[in-house]
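[1] Give me a model of this one.
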Amino acid sequence: MSKEIWLIRHGESTANAGLATKDASSIALTDKGWHQAREMAAKFTAAPDLIVVSPYLRARQTAGPTAERFPDAPIETWPVQEFTYLSPVRCANTTVEQRRPLVDAYWKACDPSLVDGPGAESFTHMLDRVREAARRIEASPARTIAIFTHGHIMQAWRLLANNPAASDKTDMERFLTAFQARPIENCEWMSGAAYEKVARS
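    All right, here's what the predicted structure looks like:
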């Protein structure tokens, strides 16, 4: 059975707008982000069979207008939250620019097993979450699924779909370059049609 999968990045968040944030899970949408979320809801030509949301606030808020438009569509929360590669303990109440040296150091190390500290996860663990989401899609009876998620997750999906036999080390080497060359914008969507390749990568 062929399926139609939409992977949707959340709308503009306060972190995207350059404001300091306390922790990744509670970052909210800006007014612009809410506008983007309503525009996204209007793009659906029919109700999805299933709406999937990240547990993070900005993704749940982005899904809100779509859920309101299609109140009969079931909603499930899956672990498709953003990749937290820096420890929230040392990043609390900082801006994107303030975290820049830590970000650069993390990606320079290019160690897929590295865990930065309490509350962080490794690159390999993030990839495993993406693979598990693809397996859940395979197992779901839903034919059309809208997944409200995050930029790093979507970029990882793209890498796994295009290079299913690559090692996690190779994917990590490609990841940042791919992200910088083709960033995923707020409320951008992409097809998840290659979920079978991702599930088996």
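
[2] going forward, measure contacts between C-alpha atoms and count neighbours the same way
    Will do.

[3] Next, find the distance separating Ile153 from Arg129.
    From Ile153 over to Arg129 the distance is 9 Å, taken as Cα to Cα, to the nearest Å.

[4] how far away is the residue nearest the centre of the chain from Ser2?
    In the chain, the centroid-proximal residue (Cα atoms, centre = their mean) is His150; its distance is 2.3 Å. Distance of His150 to Ser2, given as Cα to Cα: 24 Å.

[5] Gly64 now?
    Gly64 sits 27 Å away from Ser2, going by Cα to Cα.

[6] who's more crowded, those two?
    Counted by other Cα atoms under 10 Å, Gly64 and Ser2 do not tie: Gly64 has more neighbours, with 18 against 8.

[7] so how many other residues sit close to Phe97?
    Actually, residue 97 is Glu rather than Phe. Quick note: Glu97 (other Cα under 10 Å) scores 12 neighbours.

[8] For it, which non-adjacent residue is closest in space?
    Gly18 (7.8 Å; Cα to Cα, 6 or more residues apart in numbering).

[9] quick one: pLDDT of that neighbour?
    Per-residue pLDDT puts Gly18 at 89.

[10] Begin at 39 from now on, thanks
    In the new count, where the first residue is 39, that last one comes out as Gly56.

[11] contacting residues for His48?
    His48 makes contacts with 71, 75, 96-97, 100, 186-188, 224-226, as judged by Cα atoms under 8 Å, 6 or more residues apart in numbering.

[12] wait, which of those is closest to Asp87?
    Phe186 (14.0 Å; Cα to Cα).

[13] got the phi/psi numbers for the closest one?
    Backbone torsions of Phe186, given as degrees, to the nearest 10, read phi -90, psi 110.

[14] Correct me if wrong: it contacts Val91.
    Yes. Assessed by Cα atoms under 8 Å, Phe186 is found in contact with Val91 at 4.9 Å.

[15] Name the residue in these two with the higher neighbour count.
    Counted by other Cα under 10 Å, Phe186 and Val91 do not tie: Phe186 has more neighbours, with 30 against 27.

[16] tell me how far the ends of stretch 144-164 are from each other?
    Span of stretch 144-164 from end to end, Cα to Cα: 15 Å.

[17] Give me the distance between that stretch and the centre of its chain.
    Here stretch 144-164 shows a centroid-to-chain-centroid distance of 16 Å under the convention Cα atoms, centre = their mean, to the nearest Å.
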